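1. take a look and give me a structure for this.
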Amino acid sequence: MARFEIPRGIIQPVASVDVRLDPRPHPFEIENVAVIEENWRQEHATNPRLYDGTLMLPSELKLNGEGELIGRCHAVRFATMLYWRKNKGSPDIEHCFAQAALVARDGAMVAVRMGPHTANAGRVYFAAGSFEPEDFVDGRADTVGNMHREVMEETGLDLTHTLREQSYHLHSINGSTMLFQRYYLEEDAETVAERIRAFVASEIEPEIEGPVIIRSADDLPEGTLNHLAAITRWHFS
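-> This next block holds a predicted model:
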């Protein structure tokens, strides 16, 4: 039986993450094979550039009294994620992902707007992506590795030696749980944005449309996801 015991709608500190890989198929995917396939047929017909790759979705996630996030993840089709996203509310599955919240030297935050060919076209959030098989090391989720990989792939920024918070924070809403850490960049926001724009221009098929600079909680552009809005309110307060 899947279990999700996560505080909802608030930003909560997380001391450590211990999310393990379960090699068995996700129960949700097994039980919804036909409708997942039909939804994928419709989604792919609308956007043929979508790729049905593999990502990891949890069947169990719990934040215990010591601030440890504990859970189990299973490898599923991207098609399963798309079907879940349209049909949230199942007690058997959630989405859990990580984001590096980039804070520039001048205090602004640097997010991205996703490219028109992606499943999140036009949406604004910090460069990030779902956990993939390569983000599990010795059967455990490598959250930092995931964040660094996604930021590099989408923006060209290397966070390897960038100062970051010691602990994580968590924000969970509508069956979607986000872990994040603030990373403190040594350049001002516009300089960082120019570096990202140059990277995007150099890519044959960039994932993002470009950078988005956010200077206050009242400075949120159209397309901002709820998770990002919550982080900015918390950060700028």
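2. relative to its centre, which residue of this protein is most distant?
-> Ala34 (26.7 Å; Cα atoms, centre = their mean).
3. mind listing what's buried along the lowest-mean-pLDDT helix or strand in the chain?
-> Scoring the helices and strands of the chain by mean pLDDT, DSSP states H and E places strand 3-5 at the bottom, with a mean of 89. Going by neighbour count (16 or more other Cβ atoms under 10 Å), the buried part of strand 3-5 is Phe4. All C-beta spots, glycine's among them, are computed from the backbone N, C-alpha and C.
4. which other helices and strands contact it?
-> Helices and strands touching strand 3-5, by 3 or more Cβ pairs under 8 Å, 6 or more residues apart in numbering; DSSP states H and E, are strand 54-63.
5. just checking the distance from the strand it packs on to the centre of its chain.
-> Distance of strand 54-63 from the chain centroid (Cα atoms, centre = their mean, to the nearest Å) equals 13 Å.
6. mind listing what that strand pairs with, with the direction of each?
-> strand 3-5 (parallel), strand 68-77 (antiparallel) (DSSP bridges).
7. show me where this protein has its helices.
-> 27-31, 33-46, 78-86, 143-155, 189-202, 226-236 (DSSP state H).
8. now render those as TSV, adding mean pLDDT and distance to Ala15.
-> Formatted as TSV, those follow (pLDDT from 0 to 100; distance: least, Cβ to Cβ, whole Å):
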stretch	mean pLDDT	distance to Ala15
helix 27-31	95	29
helix 33-46	96	35
helix 78-86	95	28
helix 143-155	98	13
helix 189-202	98	29
helix 226-236	96	18
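9. could those helices go into TSV alongside distance to Val112?
-> Shown next, in TSV, are those (distance: least, Cβ to Cβ, whole Å):
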stretch	distance to Val112
helix 27-31	29
helix 33-46	22
helix 78-86	19
helix 143-155	6
helix 189-202	7
helix 226-236	10
